[in-house]
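Participant: After the sequence you'll find the predicted model.
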Number of protein chains: 2
Amino acid sequence: IEKEDSASIRTETESLFPADITGLLSELETESAKFLITRLDVERGAEILADMEPNERRDFLKAFTSEEISHFVNLFDSDDAVDLLNEQPIRVREEVIALLEDREQARFILDLLHYDEDVAGGLMQKELVKANVNWTVNQCIEELRQQAEDVGKVYAVYVVDDFGKLLGILSLKKIVLAHKNTRIESLYDKDVIFVETYRPAEEVAELMQRYDLDALPVVNVQGKLLGRITIDDVIDVITEQASSDTLAMAGITGDVEEDDTIWQQTKARLPWLLVGMMGGILAAKFISFFEGDLKIIPAMAAFIPIIGSTGGNVGIQTSSIILQSLADKTGLDTTVGQRLIRMFAVAFINGIIISTIVFGFNLLIGNDVQLALVVSAALMSVVFLASFMGTMTPILLEKIGINPAVASGPFITTANDLIGYGVYFGLAHLLLNL
Amino acid sequence: IEKEDSASIRTETESLFPADITGLLSELETESAKFLITRLDVERGAEILADMEPNERRDFLKAFTSEEISHFVNLFDSDDAVDLLNEQPIRVREEVIALLEDREQARFILDLLHYDEDVAGGLMQKELVKANVNWTVNQCIEELRQQAEDVGKVYAVYVVDDFGKLLGILSLKKIVLAHKNTRIESLYDKDVIFVETYRPAEEVAELMQRYDLDALPVVNVQGKLLGRITIDDVIDVITEQASSDTLAMAGITGDVEEDDTIWQQTKARLPWLLVGMMGGILAAKFISFFEGDLKIIPAMAAFIPIIGSTGGNVGIQTSSIILQSLADKTGLDTTVGQRLIRMFAVAFINGIIISTIVFGFNLLIGNDVQLALVVSAALMSVVFLASFMGTMTPILLEKIGINPAVASGPFITTANDLIGYGVYFGLAHLLLNL
């Protein structure tokens, strides 16, 4: 690569898949990467660009003129083209669209640009093969031949009426096996699952998973076929969803990646750290009321951590299990009461075991029996309270329409900590006659 | 449904998709559900069974005889049949296989039964359409016609030589567009991505995502085509992976669901609670060394929670970001040193902000300036140490081959708590001249 010999680059990369070349490029300097990509066939270059991570691509394309970008975008599927253009400054975006040679592509892109990224319209691509219900199989194959170059993966032909309204679907398998002169009308499958442009991406993902679909047609409110969503785009939605939920539970706002700027990372992390800090300050204020007690029995302080960490751990475990059932839309047919009873049963077993061990430890190191009792009673209460909070918070957040994952992690931990210290010092104050 | 009128059940469910009927069944008692499913076409019954959750299905099928089960399994794809049989007791499994009318299906199932669930061989199905490289397109269509009933979604025809060795792939689109007498040899695509039976499921998922594949052929070590893995099975792998990682981070072992038995839930949760408890006991033992100090300055105890929670929160945030980059195999091309520097930069900003606010709070409530300094210095150190631990632990665990998600959550929190208290009490002891 260093030698910048274009003929050898072509031969050497010919046997590689675009996804592999993408990996290779990300290890090169922008200059060498640009050199390499412009030496390849423009088709391969386009595939590679379509495959890059958004952040990486945005930085990489800064080295290209709008005209150079437009050559690649010409060959993109419309949905990928829109993704790429949305990463660009408005000026570049407008220039690239104006420079596109393929005017149909430009029209597709303009159609798609006004959908949000997280609805069906933002996921769909305009490229698809459709056939009029009055055609024969032969006419359909002819259409397929014309569209074949533009449509990467066909999956199926969509059957529409004279007004473009979606009527049904015809699988490629059926086309292969049918007689040429059969009318589509007698062949196609009317049971087609479709989605309206405004439906949220999560719903699209759920639908495609539920019915094991490879492609999902998208219609407007009148039922007119506008585009289709393919399974590969939905896999991205699913993995992004999972990763952003995990981050949210870890107390990170938004989709942060390790190579984001230090400022972006701070912005995503600081808010929840401040929530934790406020909790800590409240705890400090609260414990300071009991300074008199601590002066008399300083050993009490030693159990502050175990109260806090047990509450935190139980709360996060419980809320994770509830979050998982909430995310799994097939849903449990249980009432909140039944859920609580289960959680309390588990809490009872775990609580008994933990508080018994800690009680034993306290006696072993020669602590006062009364203090040992207070610590174990507090642990038991904390396990129950944390199970209650961990069950109810996600359910309530979901009910009022907040993503339950967002607030479950740090929020529950902080709340459990405070409740735990309250129970502990309260019990101690009462039972130790302070 | 209550009326148990089979004719009306058939008409009413005719317009529903199998996935919807599955949802409906899960809300019925086993008896009514069995009644309903046996009143449907056996094809639809099979689709519904294939679509059920494993746990639900295992319980549901207890009400069926082996012979009844075998009628359904006859119509299953081989991979789904194996999944169902693996849920059954060995006796039922053997009986069902012996009772299968479709002997080819029985052979497929026996072939697949000896693969682990979490390798390519365990994900694959035997149903696929293959064509000999020496055939013409017409012969290929004939084969497709014969196989069409057994193979749900075709996607593509696999091209093999006389010994069954995988040579390449031929898309349905190409078959539709080709002339009937063209030889496959001149038409098929030699660049086929395949996988060996023993490759782990995660690798399969990664491969299919990376190259946007709908189906992936599976070969043995000699390159002989044995089966294929379709995208819908891989989506399940991806979502299961994401959910088990989230659970692992929350300190839950194994794939627990809310409707598992109380004992299963306890078994999955107790181990990490005990880790947390051990940490708490160690913390208690450690803090008790400083009882003398606490007797003099009981206000010190009030800041134990904020030290613990800040360390915990920073550690989990950091490790989640690192886990995310580790999971994203396209990988960052950064050294461990560079990663640490970025993390420390973020830690510096977050640490400064938090310790300044806490310092202000301490002065505000009239605490000793020296104590305020100790608390803020300890917070600052804890933020740095937790960032270090949160970065290094997942990287090291991944290096020694342990799933980094498993040990990151509770382990990091516990370790950070202990380190935090050490720093806090150490600093206090030194700086407050105790």
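Facilitator: Alright, I've got the coordinates.

Participant: Can you list the low-confidence ranges for chain A?
Facilitator: Residue ranges of chain A with pLDDT under 70: A:1-15, A:328-334, A:406-407, A:434.

Participant: In which helix or strand does the nearest residue to A:Phe286 once chain neighbours are set aside reside?
Facilitator: Leaving aside its sequence neighbours, A:Phe286 sits nearest to A:Tyr421 (Cβ to Cβ, 6 or more residues apart in numbering or on different chains; 6.0 Å). To be clear about C-beta, it is placed using only N, CA and C from the backbone, and glycine gets the same treatment. Using DSSP states H and E, A:Tyr421 sits within helix A:404-431.

Participant: and that helix, what does it pack onto?
Facilitator: With contacts taken as 3 or more Cβ pairs under 8 Å, 6 or more residues apart in numbering or on different chains; DSSP states H and E, helix A:404-431 sits against helix A:231-249, helix A:262-288, helix A:291-296, helix A:304-327, helix A:369-399, helix B:304-327.

Participant: and it, which residues are buried?
Facilitator: A:404-425, A:427-429 (16 or more other Cβ atoms under 10 Å in any protein chain shown).

Participant: Stretch A:67-78 too?
Facilitator: Those would be A:Glu68, A:Ile69, A:Ser70, A:His71, A:Phe72, A:Val73, A:Asn74, A:Leu75, A:Phe76, A:Asp77, A:Ser78, for stretch A:67-78 by 16+ other Cβ under 10 Å.

Participant: Then stretch A:42-58?
Facilitator: A:Arg44, A:Gly45, A:Ala46, A:Glu47, A:Ile48, A:Leu49, A:Ala50, A:Asp51, A:Met52, A:Arg57.

Participant: ok, residues contacting that stretch?
Facilitator: With Cβ atoms under 8 Å, 6 or more residues apart in numbering or on different chains as the test, stretch A:42-58 has contacts from A:13, A:18-19, A:21-22, A:25-26, A:37-38, A:40, A:60-61, A:71-77, A:80, A:83-84, A:87-88, A:257, A:259-260, B:330.

Participant: okay, how far is it across that stretch, tip to tip?
Facilitator: Stretch A:42-58 has an end-to-end distance of 19 Å (Cα to Cα, to the nearest Å).

Participant: domain ranges for chain A?
Facilitator: Chain A breaks down by automatic domain parsing into domains covering A:6-118, A:130-236, A:262-431.

Participant: looking at these, which is buried most?
Facilitator: domain A:262-431 (a mean of 20; mean count of other Cβ atoms under 10 Å in any protein chain shown).

Participant: what about that domain, distance to the chain center?
Facilitator: Between the centre of domain A:262-431 and the centre of its chain there are 28 Å (Cα atoms, centre = their mean, to the nearest Å).

Participant: just stretch A:243-251 next, same as before
Facilitator: 9 Å.

Participant: ditto for stretch A:74-81
Facilitator: 23 Å.

Participant: Is chain B within reach of that stretch?
Facilitator: No: Stretch A:74-81 is not in contact with chain B by Cβ under 8 Å from any Cβ of the partner chain; minimum separation 10.9 Å.

Participant: how far does that stretch stretch from start to finish?
Facilitator: Termini of stretch A:74-81 sit 8 Å apart (Cα to Cα).

Participant: contacts for that stretch?
Facilitator: Residues contacting stretch A:74-81 (Cβ under 8 Å, 6+ apart): A:42-43, A:46, A:49-50, A:73, A:84, A:100-102, A:105, A:108-109, A:111-112, A:123-127, A:152, A:227, A:233.

Participant: Tell me which of the residues you listed fall in helices.
Facilitator: Within the contacts of stretch A:74-81, residues falling in helices by DSSP state H are A:42-43, A:46, A:49-50, A:73, A:84, A:105, A:108-109, A:111-112, A:123, A:233.

Participant: Does A:Ile235 touch B:Ile235 like I think?
Facilitator: Yes: taking Cβ atoms under 8 Å as the definition, A:Ile235 is a contact partner of B:Ile235 at 6.5 Å.

Participant: Could you tell me how far A:Thr261 is located from A:Ala268?
Facilitator: Per Cβ to Cβ, to the nearest Å, A:Thr261 is found 11 Å from A:Ala268.

Participant: just A:Glu43 next, same as before
Facilitator: 38 Å.

Participant: Could you do A:Val129 as well?
Facilitator: 42 Å.

Participant: And A:Met52, by the same measure?
Facilitator: From A:Met52 to A:Ala268 the distance is 23 Å (Cβ to Cβ).

Participant: related to what we said a few turns ago, from the buried residues of stretch A:67-78, pick the one nearest chain B.
Facilitator: A:Asp77 (10.9 Å; Cβ to the nearest Cβ).

Participant: Please state the backbone phi and psi of that closest one?
Facilitator: Per-residue torsions, A:Asp77: phi -70, psi 150 (degrees, to the nearest 10).

Participant: Then the one 3 residues further on?
Facilitator: Note on A:Asp80: backbone dihedrals following degrees, to the nearest 10 are phi -70, psi -40.

Participant: Also the one 10 residues further on?
Facilitator: Backbone torsions for A:Ile90, taken as degrees, to the nearest 10, come to phi -50, psi -40.

Participant: ok, A:Leu396 - contacts?
Facilitator: Contacts of A:Leu396 (Cβ under 8 Å, 6+ apart): none.

Participant: Which helix or which strand is home to A:Tyr158?
Facilitator: strand A:156-160.

Participant: mind listing what that strand pairs with, with the direction of each?
Facilitator: Sheet pairing of strand A:156-160 (DSSP bridges) gives strand A:130-132 (parallel), strand A:166-171 (antiparallel).

Participant: how near is A:Leu305 to chain B?
Facilitator: If you look again at residue A:305, you'll see it is Pro, not Leu. 4 Å (Cβ to the nearest Cβ, to the nearest Å).

Participant: do A:Ile419 as well
Facilitator: 12 Å.

Participant: go on, A:Asn416?
Facilitator: For A:Asn416 relative to chain B (Cβ to the nearest Cβ), the value is 10 Å.

Participant: Grab the nearest non-local neighbour of A:Met249.
Facilitator: A:Met249 sits nearest to A:Gly409 (Cβ to Cβ, 6+ apart), 4.1 Å away.

Participant: which ones are touching the closest residue to A:Ile316 other than its chain neighbours?
Facilitator: Spatial nearest neighbour of A:Ile316, chain neighbours left out: B:Ala250 (4.8 Å); criterion: Cβ to Cβ, 6+ apart. Contacts here follow Cβ under 8 Å, 6+ apart; on that basis B:Ala250 touches A:Met249, A:Ile316, A:Gln317, A:Ser319, A:Ser320, B:Gly409.

Participant: ok, so what distance separates B:Ala250 from A:Ile322?
Facilitator: In terms of Cβ to Cβ, B:Ala250 sits 11 Å off from A:Ile322.
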